[in-house]
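1. Here is the input, now give the coordinates:
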Amino acid sequence: MPEYLINPYRGVGLPGLGLFPAQDAGPVAALLALCPAHAATPLHDMPALAAVAGIARLHVKDERARMGLGSFKALGAAYVIAREAAQARGQDDWAQALSGRSFVTASAGNHGLSVAAGARLFGAQAVIFLAETVPESFASRLRDKGAQVERAGATYEDSMDAAAAAAQASGWTLLSDSSWPGYTDLPYRVMEGYLQLAAEAAAQIDAPPTHILLQAGVGGLAGAVAAHARAIWGTSPTIIVVEPAAAPALIDSIRAGRLVSAQGPVSAMGRLDCKTPSMIALAGLARDADLFVTITEQQAAQGVAILGTHDLATTPSGGAGLAALLSGLPGLRNDSRVLAILSEGPEDG
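-> Residues are numbered from 1 along each chain as shown. Got it, this is the predicted structure:
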């Protein structure tokens, strides 16, 4: 069974973190309605996999085809850039609405693709900083989207420091999916974009889940979905946050009672391999989550292998929540109804 911690701050939150995640998906839906590439992703009912896990129902929100970018991240940065374009476009020239603007970020994976796609759509430039550990195949995907790619440092945190420095030096807009003191406005909107996923799942599911599994890196997806779940379903679902044992940023912060940076080796769950949590996400999850869980590299690999046999091909990052379920979680029973997210497709997909 994965290592876990019951959240002592549930319903109250940690003091001193400030801003909570948004809960209302309405503004996101209104803007996405103008996008021809937007369509709801499916929610799969997985009875055979539920039987393997020993539960009554398993619903999987499948983000592998989201807006042609292969992950839920398409809802984040691209939404923020679209908001900027809507405010700046003048008449109807969407394609050049942000001409002359440059957006810079660091990425451990799909956030960079969302920045690149959004920037190109509205005539802006994207500059993406990658750590040395990010595969070159991903850098090539970014360049194919028109982004300028820079390498900086051995970790995601190193590449984020480099992106922030470049933004300040060049007058570019830093568009991170994380947040910290003095930098909250744009990451708040990135997380707001993820509410679309949560709203779709709530509309698609036939009964409220008893448990919700949310994998986390800096915590943006988990914080947004948890906030929306509490807004529509109240206190009843048990919300479980899943992190790599090699990057336990959220669980360590909950243990410490404050935002801290974790220590650990490089994880194969590369999209989740973030050692410092987002301040906004931590604020929300400290209030909304019931349980924090870490899974090992072996548990993640075994889970992904099982998912592949059920037509849910993904990466260790994309399947981390489901891998935790398949490894055994406290509090689950044979009448439990679980909602989980398959957050990205396989790297060779």
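2. how far does stretch 303-319 stretch from start to finish?
-> 7 Å (CA to CA, to the nearest Å).
3. Just the buried residues of it, please?
-> For stretch 303-319, a neighbour-count test (16 or more other CB atoms under 10 Å) marks 303-304, 306-307, 312-319 as buried. (Glycine included, C-beta is placed from N, CA and C.)
4. Could you give the separation of that stretch from the chain centroid?
-> The chain centre lies 17 Å from the centre of stretch 303-319; the measure is CA atoms, centre = their mean, to the nearest Å.
5. and if you look at stretch 73-90?
-> Using CA atoms, centre = their mean, the offset of stretch 73-90 from its chain centre is 18 Å.
6. Run through the residues that contact R337.
-> If a contact means CB atoms under 8 Å, 6 or more residues apart in numbering, then R337 has 55-59, 207-211 as its contacts.
7. Spatially nearest residue to it, not counting backbone neighbours?
-> R57 (4.1 Å; CB to CB, 6 or more residues apart in numbering).
8. how far away is that neighbour from G68?
-> According to CB to CB, to the nearest Å, R57 and G68 sit 30 Å apart.
9. Which one's more surrounded, those two?
-> Between R57 and G68, counted using other CB atoms under 10 Å, the more crowded position is R57 (18 against 10).
10. shouldn't that one be in contact with L43?
-> No - between R57 and L43 there is no contact under CB atoms under 8 Å: 11.5 Å.
11. picking that back up, list buried residues within the contacts of R337.
-> Of the contacts of R337, these count as buried by 16+ other CB under 10 Å: 55-59, 209-211.
12. How much space separates R151 from E84?
-> For R151 relative to E84 (CB to CB), the value is 27 Å.
13. In space, what's closest to G331 - neighbours in sequence excluded?
-> Nearest residue to G331 in three dimensions, chain neighbours excluded: T238, at 6.2 Å (CB to CB, 6+ apart).
14. Is A305 located within a strand, as I assumed?
-> No - read with DSSP: H, G, I helix; E, B strand; the rest coil, A305 is helix and lies in no strand.
15. Just name whatever secondary elements the lengthiest helix in the chain is in contact with.
-> Longest helix in the chain by number of residues (criterion: DSSP state H): helix 185-204. Helices and strands touching helix 185-204, by 3 or more CB pairs under 8 Å, 6 or more residues apart in numbering; DSSP states H and E, are helix 26-32, strand 43-45, strand 57-62, helix 77-88, helix 220-233, helix 279-288.
16. Turn the contacts of R337 into TSV, including distance to S179 and pLDDT.
-> TSV is the format used below for these (distance: CB to CB, whole Å; pLDDT from 0 to 100):
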residue	distance to S179	pLDDT
I55	34	98
A56	37	98
R57	34	98
L58	32	98
H59	29	98
A207	34	96
P208	29	97
P209	27	98
T210	30	98
H211	27	98
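17. Just give me the closest of those to G118.
-> Nearest to G118 among the contacts of R337 is H59, at 29.0 Å by CB to CB.
18. Identify the residues contacting the closest one.
-> So H59 contacts 43-46, 201, 204-205, 209, 337-340 (CB under 8 Å, 6+ apart).
19. and which of these is nearest T155?
-> Using CB to CB, A340 is the member of the contacts of H59 that lies nearest T155, at 27.7 Å.
20. for that closest one, helix, strand, or coil?
-> Taking three-state DSSP, the label given to A340 is strand.
21. Not counting its neighbours along the chain, what's nearest it?
-> L213 is the one closest to A340 (CB to CB, 6+ apart), at 4.3 Å.
22. doesn't the one you found fall inside a strand?
-> Yes - under three-state DSSP, L213 sits within a strand.
23. Wait, it touches S343, no?
-> No - using CB under 8 Å, L213 makes no contact with S343, being 10.9 Å away.
24. Neighbour count for the two, which is higher?
-> A direct count of neighbours by other CB under 10 Å for L213 and S343 places S343 higher, at 30 against 27.
25. ok, now which ones touch the nearest residue to the more buried one once chain neighbours are set aside?
-> In space, and not counting its chain neighbours, S343 is closest to G318: 4.7 Å by CB to CB, 6+ apart. Taking CB under 8 Å, 6+ apart, we find G318 in contact with 63-64, 71, 215, 271, 342-346.
26. Quick check: the two most widely separated of those residues?
-> Farthest-apart pair in the contacts of G318 is Q215 and P346; separation 15.7 Å (CB to CB).
27. which one of these two has more residues nearby?
-> Between Q215 and P346, counting by other CB under 10 Å, Q215 is the more crowded of the two (31 against 15).
28. Looking at that one now. What's its pLDDT?
-> On pLDDT, Q215 comes in at 98.
29. check which helix or strand covers the residue nearest to S343.
-> Counting by DSSP states H and E, no helix or strand carries G318.
30. Tell me how far L121 lies from V115.
-> For L121, the distance to V115 equals 11 Å [CB to CB].
31. quick one: which of the contacts of R337 is nearest to L34?
-> So of the contacts of R337, ranked by how close each gets to L34 (CB to CB), first place is H59, at 28.7 Å.
32. Contacts only, for D24.
-> 195, 231.
33. so how far is D93 from it?
-> Distance of D24 to D93, given as CB to CB: 29 Å.
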